[in-house]
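Undergrad: would you be able to build a 3D model of this:
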Amino acid sequence: MIARSTILNLAGLLLLATCAPVFATDLVVYDDASQNGFNQDCSFNDAGGDFDFASTNPVHAGTDSIRYTPENYNAVSWCTPSTLDTTTYRALSFWINGGASGGQDLHAAIALAGHQVAIATVASLYGQALPANTWVHITASFDAAPTQYAGSFDQLWISSNTNTVQPNVYIDDVGLLGRVSVDDKIFANGFEPATFRGTNLVGMEMAYFNFNQATGPIADTNYPVYDTRVVDYFASKGMTAFRFLFSWEGMQSSLNGPIPAAANGNYKDYFDNYKRVVDYATNVKGMQVVIEPWDSDSGGGAGGARWRGDLVGSAQVPISAFADFWGKMATKFKDNPHVSFGLINEPNNMSTMTWFAAAQAAITAIRNAGATQRIYVPGNGYSAASGWTGSYYDTGNPQRSNAYGWLNANGIGQPIADPANNIAAEVHTYLDASQGGLDDGITAITAARDHVSVAVNEARLRGYKIYLGEIGIYAGNAQGPAAWADFVDYFNANPDALVGFTWWAGGMPDWWNDLHAAHFSISPTDDVNYTGDTINMQMIQNDF
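TA: So this is what the prediction gives:
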């Protein structure tokens, strides 16, 4: 979002606010007044009073906005101070308010020498008709349909699509979003490559009912005590990241309680064993570790945002308890810049908007704890990549997609917010018919790219990033190697939107040996020397 509080200098450099990563070359067009040489007199077909560039109510931020009366195909328009190019700018961004009625029929466009070169309706860019009396953020990406375009332009238009008089709309905080630079805060920790590749480390996640709540999980009974040679093995393959799962109930035995859950005994051992592996991977091997809770439902399956089987956001587990957990967990790891935070494994069977409210509370708690590292926000519906823009999984009414939740987490038009501008969405995909990794099937060689592109295209359009937290393919399937190669090609082609992936899964060889779904093991096959490659590892090891 373009906001006056983030302008860095007269050249128009600014930090994006909550809904997008930080870019160093964004250019302000309008911010209380037209800026940086943009000429608003290019607005056309003014029938007398169609435009007011100093309207004081409503205003998105600051003191003024643009009141616009759409009619007779007129347009609020700016001529650029010099010809611009899509190699420098990736999108047109602005905030718009539908006024008293909403529903106006408008276009957003860029033009060259008076001819539109990229155009789309504002409703299609937003995903629905403009709401009344609400500020919403519009991003017209030059990298994806419907405003995909490569080349030069010298005018920006927001125009009426009809010759009839329409109710007033209000426009504010207009700008051009720059291409990613080295100043992007998503990579500000200094250790992270542009994209990272690794595996899930599993085994320390466990169902809450498999250990005694009073005494805690027992090492080498309820979870494996990791030998650091497993970390060495994966690092030797060129991996740069782990997604390391754990049990929330193992870290915090009572809601709002301490972490670790006890000063000594099994709970202290559990925390210490987990942190020992994190510290070794990050401090000795220089790898990134995404620390992320995996919680079970009452049957031992992937329960998503739950504690002891009860949903986050319920009376039993209020959102404040989830925030408390993350505030305390972040405090333990805030001084390790190689650690990042995955909020929870695969939220499911819950309200999408409740989940995003919980995610927002967790982000706020993490930042209040003083942690600045990246935060990954998974989607509802088991974080399925192909379902990012769907809503079939939402138990709420009306049903909402993860894409909608991301953009409206704090109210209509108010996206999920991070004061550090260092968040990304987490999605998962598998190639079987269920897309859940429940069998070894592969529906198509292009299945992974087909699934992931749904989330990537939406994120690129709206200005945020995607992390593929889980992908697994059985190498013994005749289509496996080709399907993996196709995914890697897609991943390599989209570094602007895909920040990383982690294979599902690897771990201690005597705990995680199954080559097939739902494990897709890449654990070392020799449990004495921690060497030896599974057929799955043989398929993927040259792509790290």
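Undergrad: quick check: closest non-adjacent residue to residue 306.
TA: Nearest residue to residue 306, sequence neighbours excluded (Cβ to Cβ, 6 or more residues apart in numbering): residue 295, at 4.8 Å. In this view, the C-beta of every residue, glycine as well, is placed from N, C-alpha and C.
Undergrad: could I get the contacting residues of the one you found?
TA: Contact analysis of residue 295 by Cβ atoms under 8 Å, 6 or more residues apart in numbering lists 205, 208, 247, 248, 249, 303, 304, 305, 306, 307, 344, 345.
Undergrad: export stretch 296-307 as CSV, just CAs?
TA: Only the C-alpha atoms of stretch 296-307 are listed here, as CSV (Å, rounded to 0.1, in the frame of the first residue of the first chain):
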residue,chain,number,x,y,z
SER,A,296,-3.5,-33.1,15.9
ASP,A,297,-7.2,-33.4,15.9
SER,A,298,-8.8,-35.9,18.3
GLY,A,299,-8.1,-38.7,15.8
GLY,A,300,-4.4,-38.0,15.5
GLY,A,301,-4.6,-36.4,12.0
ALA,A,302,-3.5,-32.9,11.0
GLY,A,303,-5.7,-30.8,13.2
GLY,A,304,-4.5,-27.4,12.1
ALA,A,305,-5.1,-24.5,14.5
ARG,A,306,-5.9,-26.5,17.6
TRP,A,307,-4.7,-27.1,21.1
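Undergrad: how about that stretch: buried residues?
TA: Within stretch 296-307, the residues that qualify as buried are 296, 297, 302, 303, 304, 305, 306, 307, counting by 16 or more other Cβ atoms under 10 Å.
Undergrad: mind listing what the second one touches?
TA: Meaning residue 297. Counting by Cβ under 8 Å, 6+ apart, residue 297 has contacts 303, 304, 306, 309, 349.
Undergrad: what do you get for the last one?
TA: By Cβ under 8 Å, 6+ apart, the contact list for residue 307 reads 208, 248, 249, 255, 295, 317, 321, 322.
Undergrad: in helices, which of those residues appear?
TA: Helix and strand membership here follows DSSP state H; of these, those in helices are 248, 249, 321, 322.
Undergrad: that older thread, now for the buried residues of stretch 296-307: which two are most distant?
TA: For the buried residues of stretch 296-307, the farthest-apart pair by Cβ to Cβ is 302 and 307; their separation is 14.1 Å.
Undergrad: which stretches of the stretch 51-200 of the chain form strands?
TA: The residue ranges that make up the strands of the stretch 51-200 of the chain, judged by DSSP state E, counting those that start in this stretch, are 51-55, 65-68, 75-85, 89-97, 106-112, 115-121, 135-141, 152-160, 169-178, 196-202.
Undergrad: doesn't residue 327 make contact with residue 368?
TA: Yes. In this structure residue 368 lies within contact range of residue 327 using Cβ atoms under 8 Å: 6.3 Å.
Undergrad: coming back round to it: and which of the ones in helices among the contacts of residue 307 is nearest residue 88?
TA: residue 322 (41.1 Å).
Undergrad: show me what contacts the nearest residue to the closest one once chain neighbours are set aside?
TA: Nearest residue to residue 322, sequence neighbours excluded (Cβ to Cβ, 6+ apart): residue 312, at 4.7 Å. Residues near residue 312 by Cβ under 8 Å, 6+ apart: 305, 306, 318, 319, 321, 322, 344, 350, 354, 355, 358.
Undergrad: so which of residue 368 and residue 327 has more stuff around it?
TA: More neighbours surround residue 327 than the other of residue 368 and residue 327, with 20 against 14 (other Cβ atoms under 10 Å).
Undergrad: can you count the residues close to the residue nearest to the more buried one when sequence neighbours are not counted?
TA: Computed as Cβ to Cβ, 6+ apart, the closest residue to residue 327 that is not its neighbour in sequence is residue 365, at 3.6 Å. Here the neighbour count serves as a burial measure; for residue 365 (other Cβ under 10 Å) it reads 21.
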